[in-house]
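Enquirer: only geometry, no sequence info:
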């Protein structure tokens, strides 16, 4: 039997441990996200992109204000 790295568990002979669990979700989620984007209405995507741009700008401004006030971490 082979040992699963960093777990102390034993696997039966011939059983591959497979990809690390931390890699499985991003790969699956990426596939799901890509399918959703392909099926989405372009106007809806533009609206979402505009919203994310406004949120990013607000966060950037808040970070700059905190830095100017000496409250940034």
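Expert: Yep, that arrived. Fair warning: this is a prediction, and the values are worked out from it, not measured in the lab. Numbering: from 1, shown residues only.
Enquirer: alpha carbons only for contacts and neighbour counts from here, please
Expert: Will do.
Enquirer: what comes up buried for stretch 19-36?
Expert: Residues of stretch 19-36 classed as buried: none (neighbour count, 16 or more other Cα atoms under 10 Å).
Enquirer: same for the longest helix along the chain, what does it pack against?
Expert: Looking across the chain with DSSP state H, the single longest helix is helix 42-68. Using 3 or more Cα pairs under 8 Å, 6 or more residues apart in numbering; DSSP states H and E as the contact test, no helix or strand touches helix 42-68.
Enquirer: For that helix, give the mean pLDDT please.
Expert: Averaged over helix 42-68, pLDDT sits at 96.
Enquirer: And the pLDDT for residue 19?
Expert: pLDDT, residue 19: 73.
Enquirer: State the distance from it to residue 59.
Expert: From residue 19 across to residue 59, the span is 36 Å (Cα to Cα, to the nearest Å).
Enquirer: number of nearby residues for residue 63?
Expert: Residue 63 is flanked by 15 other residues according to other Cα atoms under 10 Å.
Enquirer: quick one, phi psi at residue 41?
Expert: Backbone torsions of residue 41, given as degrees, to the nearest 10, read phi -70, psi 130.
Enquirer: Please state the offset of stretch 58-73 from the chain centre?
Expert: 25 Å (Cα atoms, centre = their mean, to the nearest Å).
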